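Q: My questions concern the predicted model and sequence given below.
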Amino acid sequence: MKAKRLISLLLVMVVVFFMTTTAFAASSSKTFTSSSGTIGSMSLYLDPGESGSSSIATINVSGLPADAVITKVVADCNTMSYSGAILSNRLYITTSNISGWTSAPWGSGNKTEISAGLIGTLANGTYQLYYTGTNVSSLSPGYKTYKNIKLTVYYNY
Amino acid sequence: MQRSEWKISRIKPLDVNLINILLGTKIDNRLRMNGFPSPDFTRFDFCTKTAPAMSEEEFREAIIEQAKKDAAKGICGGESAGYRNLMKSYISVVSPDRKGIIAKASQSFAGKGRISFVEFKDAGNNVIAHYSQNNGWTMVMTKAEMARTSEFSAIYVEAWREAYYGKGNTIDGAAISSGSTFSVSV
């Protein structure tokens, strides 16, 4: 009987322990959209054969739990205007919680996922993005602007 | 018109081949004003190799203390000046010598025309910085800097949570306690 009580007690302690620790292992995501104005757009103009970097778009991420940490972000850049043949090469991103920029190759379908350099860092903050591109035409200048960028922040808290 | 004046008035594109083998820089071939401005390495997001300000154990203690201070004020992360200063100090230990690399490149580009876009790489061919007319300077993190950032964040967030939630603070209206309580009936 005493052994049964001891086993029951141990079982309850294990269950409560995991219930308590999972309070800090919840996951969620939220999407934030940049404005269509200059501050929320990445614009790039290039002469034939040139490479360069776009202007910087700014997105404010707020309202998440104060201690939410990023697991990954996905930038959906499917609202664009363009002329010519600018190939988007890489997307660069930083937040107000890290001291530098990180990047990833431009994603297929204009959706780019980035986790390197962001994973484990705090999620609330000001995010900035720009892209590098190349005008693959040898004859004509080109421009490409991405606006209303949808940034989905995946986080744990 | 003298030959030198003719060259200036025609403003021909400058044919420059400056793929720098050492630095891996690229330059467009338009003639404009000279070079590029020096970056401001006092900025939070501009890290360059710096001797450690303290030992690793002292860094860890400092991060924990900063997290406690921020939790007491109800702030977290980059909104805290102390967080930003400490993170920059911590990361810069493993940063490349961006200051030296960029200064050396400035000498190479002097007199070559205004730069519209430059990509700086380290010896491993990894991008460490961009300069563009659009944005000025952006410093791109190395793998070492990213790893160091993750370490800093892990120490900070754990200490912040202990300090913040340990006081019985709530998240989304649900009370979270750092300890566990239970009742057992057998």
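A: Nice, thanks for sending it over.
Q: Put the alpha carbons of the helix or strand where residue A:93 lies into CSV.
A: Element membership of residue A:93 [criterion: DSSP states H and E] is strand A:86-95. Presented in CSV, the C-alpha positions along strand A:86-95 are these (Å, rounded to 0.1, in the frame of the first residue of the first chain):
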residue,chain,number,x,y,z
ILE,A,86,15.8,42.9,-61.9
LEU,A,87,16.5,39.5,-60.3
SER,A,88,16.1,39.5,-56.5
ASN,A,89,19.1,37.8,-54.9
ARG,A,90,18.9,37.9,-51.1
LEU,A,91,16.7,39.4,-48.4
TYR,A,92,18.4,41.1,-45.5
ILE,A,93,16.7,41.6,-42.1
THR,A,94,17.5,43.1,-38.7
THR,A,95,15.5,43.8,-35.6
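Q: For the residue nearest to the spatial centre of chain B, give me its contacts.
A: Centroid check for chain B by CA atoms, centre = their mean gives residue B:45 as the closest residue, at 3.6 Å. By CB atoms under 8 Å, 6 or more residues apart in numbering or on different chains, the contact set of residue B:45 is A:94, A:98-101, B:138-139. (C-beta placed from N, C-alpha, C; glycine too.)
Q: quick one, helices of chain A?
A: Ranges of helices within chain A are A:2-21, based on DSSP state H.
Q: Identify, among the helices and strands of it, the element with the weakest mean pLDDT.
A: Ranked by mean pLDDT, DSSP states H and E, the helix or strand of chain A with the weakest confidence is helix A:2-21, at a mean of 64.
Q: Go through chain B and flag its longest helix.
A: Longest helix in chain B, counting by DSSP H: helix B:143-165.
Q: Tell me the buried residues in it?
A: In terms of neighbour count (16 or more other CB atoms under 10 Å in any protein chain shown), helix B:143-165 has its buried residues at B:145-146, B:148-153, B:155-157, B:159-161, B:163-165.
Q: In contact with residue 83, which residues?
A: The chain I'm using is chain A. Contacts of residue A:83 by CB under 8 Å, 6+ apart are A:142-143.
Q: other chain: chain B
A: A:97, B:66, B:70, B:77, B:156.
Q: What pLDDT does the model give the first one?
A: As predicted, residue A:97 sits at a pLDDT of 98.
Q: how near is residue A:33 to residue B:110?
A: 44 Å (CB to CB, to the nearest Å).
Q: Name the residue in those two with the higher neighbour count.
A: residue A:33 (15 against 9; other CB atoms under 10 Å in any protein chain shown).
Q: Tell me how many other residues crowd the nearest residue to that one once chain neighbours are set aside.
A: Of all residues not flanking residue A:33 in the chain, residue A:150 sits nearest, at 5.2 Å (CB to CB, 6 or more residues apart in numbering or on different chains). The tally of other residues near residue A:150 (other CB under 10 Å) stands at 16.
Q: low-confidence ranges in chain B?
A: Along chain B, segments meeting pLDDT under 70 span B:1-35, B:167-186.
Q: how about a cut-off of 90?
A: B:1-38, B:101-116, B:121-125, B:133-134, B:166-186 (pLDDT under 90).
Q: for chain A, same thing?
A: Across chain A, the ranges flagged by pLDDT under 90 are A:1-25, A:36.
Q: who's in contact with residue A:147?
A: Residue A:147 touches A:34-37, A:40-42, A:57, A:79-81, counting by CB under 8 Å, 6+ apart.
Q: Kindly reformat the residues you listed as TSV containing neighbour count.
A: Shown next, in TSV, are the contacts of residue A:147 (neighbours: other CB atoms under 10 Å in any protein chain shown):
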residue	neighbour count
A:34	24
A:35	14
A:36	13
A:37	10
A:40	17
A:41	23
A:42	27
A:57	28
A:79	16
A:80	15
A:81	11
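Q: Kindly indicate which of those residues lies nearest chain B.
A: Ranked by distance to chain B (CB to the nearest CB), the contacts of residue A:147 are led by residue A:42 at 9.4 Å.
Q: any idea how far the spatially closest residue to that closest one that is not a sequence neighbour is from residue A:80?
A: Nearest residue to residue A:42, sequence neighbours excluded (CB to CB, 6+ apart): residue A:54, at 4.0 Å. Note on residue A:54: its distance to residue A:80, by CB to CB, is 11 Å.
Q: intersection of neighbour lists for those two?
A: In contact with both residue A:54 and residue A:80: A:144, A:146, using CB under 8 Å, 6+ apart.
Q: Could you give the number of residues near residue 48?
A: Using chain A here. The burial count for residue A:48: 14, using other CB under 10 Å.
Q: oops, I was thinking of chain B
A: By other CB under 10 Å, neighbour count at residue B:48 equals 18.
Q: any idea which element it lies in?
A: Here residue B:48 is assigned to no helix or strand, by DSSP H and E.
Q: what sits against it?
A: Residue B:48 makes contact with B:41, B:92, B:95-100 under the criterion CB under 8 Å, 6+ apart.
Q: give me phi/psi at it?
A: Torsion angles at residue B:48 (phi, psi; degrees, to the nearest 10) stand at phi -140, psi 160.
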